[in-house]
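K.L.:
have a look at this fold, sequence not included:
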Ligand SMILES: [Zn+2]
């Protein structure tokens, strides 16, 4: 059974930090989604690929994903040759998503940058009929980008206020990666409490832009259609 949305990112936990709330909201509306991690996160300072795989499955369960799987394209040197492109094309064709969520192809972390480029290209090529792989051609309607490390002004925002607890719980599932009282793992920037505070502050800032408590921000090559322009700005701080 196809999914409506496929979130494809570089490392296990990238999705939770960027668009987890949006996925929960879409699920509430009856849409089905899956998560694909392009690497197993084997270069991470903390945890092991096995621990991270367990944590990733737990987080996916909390968010309500239909499935989560990891490709093995090389953490800390994500490969994006033809072989890797075909691997992503095959996942897209197999799952037939209408939307694909992926990192914006510009970021401090090269894996995020490469993931965004690889996924954008693969989504296009997946629709090429004469390109034969294990599944028939399918081209998603739209590739939508989320920001990872580098923040930018989003082109549209999704209110995630009422699912923020679920989003927090999914992040907490990555016990080896993020701040946890009493952990004996080596200290990293991501494991400091301030990191999760920053992630949440970003959601608050985006939320303030649209008069809600928390939001997640996105960008796409085409802007989304708005059916009610008056309603779209209702309740905002006036005067802009
Ligand atoms: Zn990452």
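P.N.:
Looks like it arrived, so ask away. Remember, predicted model here, so these are calculated numbers, not experimental data. Residues are numbered from 1 along each chain as shown.

K.L.:
got the contact list for the helix or strand harbouring residue 50?
P.N.:
Secondary structure from DSSP states H and E places residue 50 in helix 49-63. Residues from elsewhere that reach helix 49-63 (C-beta atoms under 8 Å, 6 or more residues apart in numbering): 12-13, 16, 20, 23-24, 27, 35, 37, 40-42, 44, 47, 67-68, 70, 166-167, 169-171, 173-177. Heads up, the C-betas are built off the backbone N, CA and C, glycines and all.

K.L.:
and if we set it to 6 Å?
P.N.:
12, 16, 20, 23-24, 35, 40-42, 68, 169-170, 173-174, 176 (C-beta atoms under 6 Å, 6 or more residues apart in numbering).

K.L.:
average pLDDT for whichever helix or strand comes after it?
P.N.:
With elements assigned by DSSP H and E, the helix or strand that comes after helix 49-63 is strand 67-70. Taken as a whole, strand 67-70 has an average pLDDT of 97.

K.L.:
sheet-wise, list the partners of strand 67-70 with their directions.
P.N.:
Neighbouring strands of strand 67-70 in its sheet, by DSSP bridges, are strand 33-37 (parallel).

K.L.:
what comes into contact with the strand it pairs with?
P.N.:
Residues outside strand 33-37 that contact it (C-beta under 6 Å, 6+ apart) are 3, 5-8, 12, 15, 23, 60, 65-70, 91, 95.

K.L.:
of those, buried ones?
P.N.:
3, 5-8, 12, 15, 23, 60, 65-66, 68, 70, 91, 95 (16 or more other C-beta atoms under 10 Å).

K.L.:
between those residues, which is nearest the ion?
P.N.:
residue 12 (8.6 Å; C-beta to the ion).

K.L.:
was I right about that closest one contacting residue 41?
P.N.:
Yes: if you go by C-beta atoms under 6 Å, residue 12 and residue 41 touch, sitting 4.9 Å apart.

K.L.:
looking at it, residue 105 is touching residue 118, isn't it?
P.N.:
No: using C-beta under 6 Å, residue 105 is not in contact with residue 118; the gap is 8.7 Å.
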